[in-house]
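Enquirer: build me a structure from this.
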Amino acid sequence: MGDNTMNSPQGQYHGISLRELILKVTALVRYLLSKWAIILTIALLGAVLGLCYSLFKKTNYTATLSFVMDESSASQGSLGAAASIAEQFGFNLGGIGGVGGFFQGDNIIEFLKSRSMIDETLLTEVEVDGEKTLLVDRYIAYTNLREKWASKNSPLANLQFRDTVGVFKQDSLMATFYKAILKNNLVIDKPDKKFNIINIEMESADEVFSKMFAETLIKNATDFYIQTRTQKAKENLDVLTHQVDSVRRELNEAIGGVAAATDANPNPNKAFQSLRVRSQLYTVDVQANTAILTELVKNQELAKITLRNEKPVIQVLDRPILPLENDKLGKLKAIIIGGFIGGFLTCLVLLIAQLYRQIMSGDLA
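Expert: Numbering: from 1, shown residues only. This is a model prediction of the structure:
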């Protein structure tokens, strides 16, 4: 029964020889050549569409800035002993390593994408062509938002942005701008997960805005980063500096008191010890304040070293340089690409239609 099935027309395997394959391909090529008018017409139409696309498409400019986090670990090592000595006198010279964790790994990427950082960047005043302006005003200018608001008689057309928060209309618009920039313009990522290099890519139709936004964003992030990392060490240094100044004033007063007491009794009679009491009291104050000042100055210098070592650096590797990279499509290139796509798609549709007709008619079997 199996042999009968294999010998039946339904069970036979119909192979195709190389000669038959060449004949069929040749036939399809001849068919396409016979439709040259249709293919050429649609290819020309695609070329015209490509030219129109290149003429009317807005050119976007991409500013790329790469940086690396450079954190000093000296405060965790060689300064550890110095900090321990200072802590014996009741001073904390560091201990802000926990802040560094906030800026490690992918946290810095999310920090740069945060609403507060982008708002601060948009509300930063920059100088362009000799004129100072807020980046948000530049953003509104190239997106033609004021013209759109004016055409609708919206009060937003006359809204002047200020470097502040808490203004209802301004904050509402800033929230809209923030979402649009994250969605359409700003990309922050690590090109290679093995390294700690981070790229900021800002793409917009305004070349100057793209460049200024990327540079201002990293500047604001650097300022915030350094301020956060060094805040505690700076507070300790300020306290020590205040104490050093106070003790030094008391020491100066004590030295002046010794001199004044000596001048009042240049040749004291040894029989009258009470005449030497005042001078001796001031001398004790001088000795005590000198010892205290010596230790405070040591701690102050340690605090200065700690502050310098706790000051991290966001090292910029590459800055955006004008002219920026853009996605502008040349006219000739657009014509060639448009014509090729039009002709290719036409050939594909014609071939599919021809093969379908042959299958349905049984000619392809």
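Enquirer: tell me which other helices or strands the one helix or strand Leu44 maps to touches.
Expert: Here Leu44 sits within helix 36-56, counting by DSSP states H and E. With contacts defined as 3 or more Cβ pairs under 8 Å, 6 or more residues apart in numbering; DSSP states H and E, helix 36-56 has these neighbours: helix 331-361. Every C-beta, even on glycine, is put in place using the N, C-alpha and C of the backbone.
Enquirer: which of the residues in the helix it packs on are buried?
Expert: The neighbour-count check on helix 331-361 (16 or more other Cβ atoms under 10 Å) flags 334-335, 337-339, 341-343, 346-347, 350, 354 as buried.
Enquirer: can you lay out the residues you listed as CSV showing pLDDT?
Expert: Conversion of the buried residues of helix 331-361 to CSV gives the following (pLDDT from 0 to 100):
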residue, pLDDT
Ala334, 86
Ile335, 90
Ile337, 92
Gly338, 90
Gly339, 91
Ile341, 94
Gly342, 91
Gly343, 91
Thr346, 92
Cys347, 92
Leu350, 91
Gln354, 86
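Enquirer: identify the farthest-apart pair in the residues you listed.
Expert: Farthest pair in the buried residues of helix 331-361 (Cβ to Cβ) is Ala334 and Gln354. Separation: 30.4 Å.
Enquirer: remind me what the host helix or strand of Lys183 packs against, helices and strands.
Expert: Using DSSP H and E, Lys183 falls within helix 168-184. The helices and strands touching helix 168-184, judged by 3+ Cβ pairs under 8 Å, 6+ apart, are helix 115-122, helix 135-142.
Enquirer: show me what the last one is packed up against.
Expert: Right, the one you point to is helix 135-142. helix 115-122, strand 125-128, helix 168-184, helix 207-264.
Enquirer: what number of residues lie near Thr62?
Expert: When neighbours are counted by other Cβ atoms under 10 Å, Thr62 registers 19.
Enquirer: returning to that earlier point: with distance to Gln170 added, can I get the buried residues of helix 331-361 in CSV?
Expert: Rendered in CSV, the data for the buried residues of helix 331-361 read as follows (distance: Cβ to Cβ, whole Å):
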residue, distance to Gln170
Ala334, 41
Ile335, 46
Ile337, 43
Gly338, 44
Gly339, 49
Ile341, 45
Gly342, 48
Gly343, 52
Thr346, 53
Cys347, 56
Leu350, 58
Gln354, 63
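Enquirer: between those, which is closest to Leu40?
Expert: Among those, and counting by Cβ to Cβ, the member closest to Leu40 is Gly343, at 7.7 Å.
Enquirer: make sure that closest one is actually in contact with Gly46.
Expert: Yes - the criterion here is Cβ atoms under 8 Å, and Gly343 meets it with Gly46 at 6.9 Å.
Enquirer: what number of residues lie near Ala288?
Expert: Neighbour count of Ala288, defined by other Cβ under 10 Å: 14.
Enquirer: now do the contacts for Val187.
Expert: By Cβ atoms under 8 Å, 6 or more residues apart in numbering, the contact set of Val187 is 199-201, 203.
Enquirer: got the buried residues for the longest strand along the chain?
Expert: Criterion DSSP state E: the longest strand present in the chain is strand 61-70. Using 16+ other Cβ under 10 Å as the test for burial, strand 61-70 gives 61-67, 69.
Enquirer: how's this structure carved up into domains?
Expert: Domain assignment for the chain by automatic domain parsing gives 16-57+329-361, 61-326.
Enquirer: re earlier: for Glu253, state which of the contacts of Val187 is nearest.
Expert: Glu253 lies nearest to Ile200 out of these, by Cβ to Cβ, at 56.2 Å.
Enquirer: which ones are touching the closest one?
Expert: Taking Cβ under 8 Å, 6+ apart, we find Ile200 in contact with 63-67, 112, 186-188, 214, 217-218.
Enquirer: which among those gets closest to Ile359?
Expert: Among those, Val187 lies closest to Ile359 (Cβ to Cβ), at 47.3 Å.
Enquirer: from the contacts of Val187, which ones fall inside strands?
Expert: Reading strands off the contacts of Val187 with DSSP E, I get 199-201, 203.
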